[in-house]
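In: Next comes the sequence, and after it the predicted model I'd like to discuss.
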Amino acid sequence: MTSGPVGLPASPRISAAVGLQELARAVLPAAAFDFYAAGSNEEISTAEAVGAWRARRFAPRVLRDVSDVDTAVELLGSRLASPVLAAPTALQRMAHDEGEVATAAGIAAAGSLMVLSSRATRYPEDVAAAAGPWWYQVYWLRDPGITRRQVERATAAGARALVLTVDAPYVPPKATPQLPLPLPQDDELCRLVGLGSRLPGWEQDPSLGLDAIGELHQLSGLPVLVKGVLRADDALACVAAGAAGVIVSNHGGRQLDRAMATADALPAIARAVGDAVPVLVDGGIRTGTDVLVALALGARAVLVGRPVLWALALDGAAGVTALLESYRTQLSTAMALAGAPRVAEIDGSLLHG
């Protein structure tokens, strides 16, 4: 099987597994852990996410040559070691002093791609200096001037795409207390976007419509992916409006509780969109075998959010690299056992039922 790029030193205790969260709980301040882990309301969607991937069963092929397995993919012009990307997650300096810079370095060493949150605690220029290919997450804010400045800054810093998050017109109460949080007081970005201190102009604009996709592309010249889609008709509308990709997501269960699991939403969206644009997915993907399920259900790639935060808290950039390498190794093994030595050979026929 193929080996990954030489990167940061490995963190042997860090691997892609459901139990990684409990390791991180032991090292994170309680308020930070609660903020990262929380879902909304009764946390039903958060609780269902992992099990929805684990419920799928394979129908593996046999007598295929799997002596050389390649997990590499091409995604919007970037060649990646595996189809596992880092999802946008906010306020990463609560997990590690270097925050998003450490995450960027860890992802780059693993040969993958990072989506930088617009509510990051490190400047885009600093993150870009440590990163490989990276995309920038966008919330369309009540003050559109702030949105434009954020996009222009990220574009100038070298972002290769924008990820418009559309499933958060309002931020509902979470199941755990959000304040006080151990936010670094010397960081201007953190002060501007930190919970409890954000000015009204920084809140999401609940009147957002499809025209925002074209406006962002015109402003930046970058491809725009739409994140937070759970319906096939919405996915098709986004593509018709100019989206360069669709990300199936329920915001980690942090928005509308009881929203369907992304594993259940993905197949219909992938069928509807077809090959028009890449369809990506996040939410509850904890192992390389989960990644194989997602690809078989029609995703071009997956994004992982909370696991990256747990790895960052445990061992900084090296921990993030170890996590991404673990996903890649597990995926490579699962591909071999399923009889699909190339990502392009993964399809719905590998799933039972």
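Out: Structure's in. What do you need?
In: now the strands for the stretch 101-250 of the chain?
Out: 114-116, 134-138, 162-165, 224-229, 245-248 (DSSP state E, counting those that start in this stretch).
In: Single out the most deeply packed of those.
Out: Highest mean neighbour count of the strands of the stretch 101-250 of the chain: strand 245-248, a mean of 29 (counted as mean count of other C-beta atoms under 10 Å). Using the backbone N, CA and C atoms, a C-beta is placed for each residue, glycine as well.
In: Pull out the CA atoms of that one and give them to me as CSV.
Out: In CSV, the C-alpha atoms belonging to strand 245-248 read as follows (Å, rounded to 0.1, in the frame of the first residue of the first chain):
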residue,chain,number,x,y,z
GLY,A,245,-19.3,22.1,-4.7
VAL,A,246,-21.9,21.1,-2.1
ILE,A,247,-21.0,20.0,1.5
VAL,A,248,-23.6,17.8,3.1
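In: mind showing which ranges of the protein have poor pLDDT?
Out: Along the chain, segments meeting pLDDT under 70 span 1-12, 173-199.
In: repeat that with 80
Out: Low-confidence segments of the chain (pLDDT under 80): 1-13, 172-202.
In: Quick check, central residue of it?
Out: In the chain, the residue lying closest to the centroid (C-alpha atoms, centre = their mean) is residue 87, at 1.9 Å.
In: quick one: that one and residue 282 touch, right?
Out: Yes - assessed by C-beta atoms under 8 Å, residue 87 is found in contact with residue 282 at 5.0 Å.
In: what are the ranges of the helices in the stretch 1-150 of the chain?
Out: For the stretch 1-150 of the chain, applying DSSP state H, counting those that start in this stretch gives helices covering 20-25, 30-37, 44-54, 99-109, 124-130, 144-157.
In: Deepest-packed of the ones you listed, please.
Out: helix 99-109 (a mean of 27).
In: any idea how far that helix is from the chain center?
Out: 14 Å (C-alpha atoms, centre = their mean, to the nearest Å).
In: Next up, phi/psi of residue 348, please.
Out: Backbone torsions of residue 348, given as degrees, to the nearest 10, read phi -60, psi -20.
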